[in-house]
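In: Turn this into a structure:
(chains A, B and C)
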Amino acid sequence: MRFSFPWTFTYRAVSRRFKAILKEYTPLVESVGLDEAFMDVTQSPHGFPEQIAREIKRRIKREIGLTAFVGVGPNKLLAKIASDLNKPDGLTVIRDNDAAKILAELPTSKLWGVGKKTEKRLRKLGIETIGQLASALLDDLISAFGEKWGMALHEHARGMDESPVIPFHEPKSMGRELTYQRDTANLDVIKRTLFRLVEQTVGEMNRRGYRARTIALKLRTSDFTTTTRADTLQEPTASLKTIWQKALKMLSAYSMEKKLHLVGIRVSNLEKVR
DNA sequence: TCTGGGGTCCTAGGACCC
DNA sequence: TCTGGGGTCCTAGGACCC
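Out: Residues are numbered from 1 along each chain as shown, chains lettered A, B, ... in the order given. Model (predicted):
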């Protein structure tokens, strides 16, 4: 099951209340961003998935004042596709039996992970609908998209998805970035921005109890080309001084030929502090 | 639409080791 | 010696998600 409401209405407090409601029905709630979540209600004592969905929709309306759209399906893939079919206020159920029929007519872009680029590549192969994708040869998909991605496309086009609902993921990275209203090449301004972003990132690391080994600087110029520079330390750190020095060093090594549109910092290779 | 901010995953290629 | 192959770690960039 998947719930979501229009993101323009989303802010943290609303998001927390939304998630709290879902957790009353099952501990198996997987957040996807602020405004969307998967629930596994196969073991829930609160009724059939459809009943639960209807009740949660009513509660979100009453307690938060927002409409939610929800899809019910035998797996996450089909639940998500179902929820997409009835934005912004519906409830759609896809059952195993009618999955193939429903998928067949949909464009490939409805599939998880198929964006503009992949859609275009598929179209070049003569594939526009999920049904056409389902009848494509696995070998052809693998040679076009690689082993992993080819297999995933092949399975997803058939509505197959075994991925479990996972309530908690360890973060892989955290960071902050800022887009300038007016692009700048003023190094003082950029340094001040970067320092603030580093401070915020380190603040979050300490609050959540993580240290990082890799520090990456992200820069985007006026013409929208993005550059990243990364540096990996011997030992993980959550020290403002260490991370700031690394960030500054990478910034200084960058030859500023165009104005900057965006500055960002991201830390990865995280380790939980005990 | 001239494009916000937070993320994840994948790939290619280089360095280095055995 | 110049001939590898495999594994691991790392960087940089791209595609994608909400």
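
In: Contacts only, for the closest residue to DNA strand C within chain A.
Out: Nearest residue of chain A to DNA strand C: A:G115, at 2.4 Å (CB to the nearest atom of the strand). All C-beta spots, glycine's among them, are computed from the backbone N, C-alpha and C. For A:G115, the contacting residues are A:S109, by CB atoms under 8 Å, 6 or more residues apart in numbering.

In: Just the pLDDT at it, thanks.
Out: pLDDT for A:G115: 90.

In: gap between it and A:R192?
Out: According to CB to CB, to the nearest Å, A:G115 and A:R192 sit 35 Å apart.

In: Dihedrals phi and psi, the residue of chain A closest to DNA strand C?
Out: Dihedral angles phi and psi of A:G115 (degrees, to the nearest 10) take the values phi -100, psi -160.

In: in stretch A:83-98, what counts as buried?
Out: Buried positions in stretch A:83-98, judged by neighbour count with 16 or more other CB atoms under 10 Å: A:S83, A:D84, A:G90, A:L91, A:T92, A:V93, A:I94.

In: Helices - which of those land there?
Out: A:S83, A:D84 (DSSP state H).

In: Any idea how many residues pack against the residue nearest to A:G209 when sequence neighbours are not counted?
Out: Distances taken as CB to CB, 6 or more residues apart in numbering put A:V273 closest to A:G209, at 4.7 Å, once the chain neighbours are dropped. For A:V273, the neighbour count with other CB atoms under 10 Å is 12.

In: got it, and A:W244?
Out: 18.

In: Might one say that it is in contact with A:L197?
Out: No. Using CB atoms under 8 Å as the test, A:W244 is too far from A:L197 to be in contact (10.1 Å).

In: Show me where chain A has its strands.
Out: Using DSSP state E, the strands of chain A run over A:2-4, A:29-31, A:36-39, A:69-72, A:91-93, A:173-184, A:210-221, A:226-237, A:260-272.

In: other SSEs contacting the fourth one?
Out: Applying 3 or more CB pairs under 8 Å, 6 or more residues apart in numbering; DSSP states H and E, one finds that strand A:69-72 makes contact with strand A:2-4, helix A:49-59, helix A:76-84, strand A:91-93.

In: go on, the third one?
Out: Under the contact criterion of 3+ CB pairs under 8 Å, 6+ apart, the helices and strands touching strand A:36-39 comprise strand A:2-4, helix A:12-23, strand A:29-31, helix A:76-84.
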